[in-house]
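>>> The sequence isn't on hand, but the structure is:
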């Protein structure tokens, strides 16, 4: 099963089984439905056959400390470092060791924050925040997808979530979970960071 097919399966299962179409909605729909809430993230997990797919949605302020496009060298460096950090999957999610899961693919996207063109040709190394009078009101979000393939999926019983150690001021995650045997939703708050799959 390819990466694109797994993402389609994840979307279909959440939409049809949990009636949570907003979980995989467009960026505008995420904001309209109130998904964007500082300090609160969304985790969607789907475990099918030997694959575990995880989607992470979170306001960028909880990743970088700001949501506007990076304007200074320091902000651009922080965005680059966050991209690298969020791809270190083994530091973020730990599936059951006995299941022998390996990372198949990672996709990290800063929606609404393209730091490559973040300064829009108007260098502002002084950190002024009033350019065009609208920068500070724009929302941007982290959308990340992680795909694991497990050699012994029968032993995939849980996932340890270590995101609280790598993000800023995150209080909780709303979790939507779908496996072959159960469908549920829960709230994950530190220090309880383990999601039971069975």
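Ah, there it is. Keep in mind the model is a prediction, meaning the values are calculated, not measured.

>>> Helices of the chain, start to end?
Along the chain, counting by DSSP state H, helices occupy 3-18, 27-32, 61-64, 73-86, 89-92.

>>> mean pLDDT for those: which is lowest?
Mean pLDDT is lowest for helix 27-32 among the helices of the chain, at a mean of 40.

>>> And the strands in this protein, which stretches?
In the chain, the strands defined using DSSP state E lie at 40-48, 51-59, 93-95, 101-111, 141-150, 158-161, 172-179, 183-188, 194-196.

>>> Can you give the strand pairings for the last one, parallel or anti for each?
Spelled out, it's strand 194-196. Strand 194-196 has the following strand partners under DSSP bridges: strand 158-161 (antiparallel).

>>> List of residues touching the partner strand?
43, 45, 52, 54, 92-96, 173, 188, 193-198 (C-beta atoms under 8 Å, 6 or more residues apart in numbering). (Glycine included, C-beta is placed from N, CA and C.)

>>> switch the cut-off to 7 Å
Applying C-beta atoms under 7 Å, 6 or more residues apart in numbering, the contact partners of strand 158-161 are 45, 93-96, 188, 193-197.

>>> does residue 176 have beta-bridge partners, and which?
Under DSSP bridges, the beta-bridge partners of residue 176 are residue 44, residue 185.

>>> what's around it, how many residues?
For residue 176, the count of nearby residues is 20 (other C-beta atoms under 10 Å).

>>> and if you look at the one 4 residues further on?
For residue 180, the number of neighbouring residues by other C-beta under 10 Å comes to 11.

>>> Residue 48 is in contact with that one, correct?
Yes - contact between residue 180 and residue 48 holds when scored by C-beta atoms under 7 Å: they sit 6.3 Å apart.

>>> and residue 150, what does it touch?
If you count contacts by C-beta under 7 Å, 6+ apart, residue 150 has them with 50, 52, 95, 99-101, 156.

>>> per-residue confidence at it?
For residue 150, the pLDDT comes out at 98.

>>> quick one: low-confidence parts of this protein?
By pLDDT under 70, the low-scoring segments of the chain are 1-36, 114-138.

>>> Could you find the closest non-adjacent residue to residue 145?
Closest residue to residue 145 apart from its sequence neighbours, by C-beta to C-beta, 6 or more residues apart in numbering: residue 107 at 4.5 Å.

>>> could you check the distance from the nearest residue to residue 94 once chain neighbours are set aside over to residue 52?
Of all residues not flanking residue 94 in the chain, residue 160 sits nearest, at 4.1 Å (C-beta to C-beta, 6+ apart). According to C-beta to C-beta, to the nearest Å, residue 160 and residue 52 sit 12 Å apart.

>>> between these two, who's got more neighbours?
residue 52 (26 against 13).

>>> so what's the more buried one up against?
Going by C-beta under 7 Å, 6+ apart, residue 52 touches 95, 101, 148, 150, 156.

>>> Distance-wise, check it relative to residue 169.
Residue 52 sits 27 Å away from residue 169, going by C-beta to C-beta.

>>> same check, this time on residue 182
Per C-beta to C-beta, residue 182 is found 31 Å from residue 169.

>>> sorry, back to before: which members of the contacts of residue 52 are the farthest-apart pair?
Using C-beta to C-beta, the contacts of residue 52 span at most 8.7 Å, a distance reached by 148 and 156.

>>> Good, we can wrap up now.
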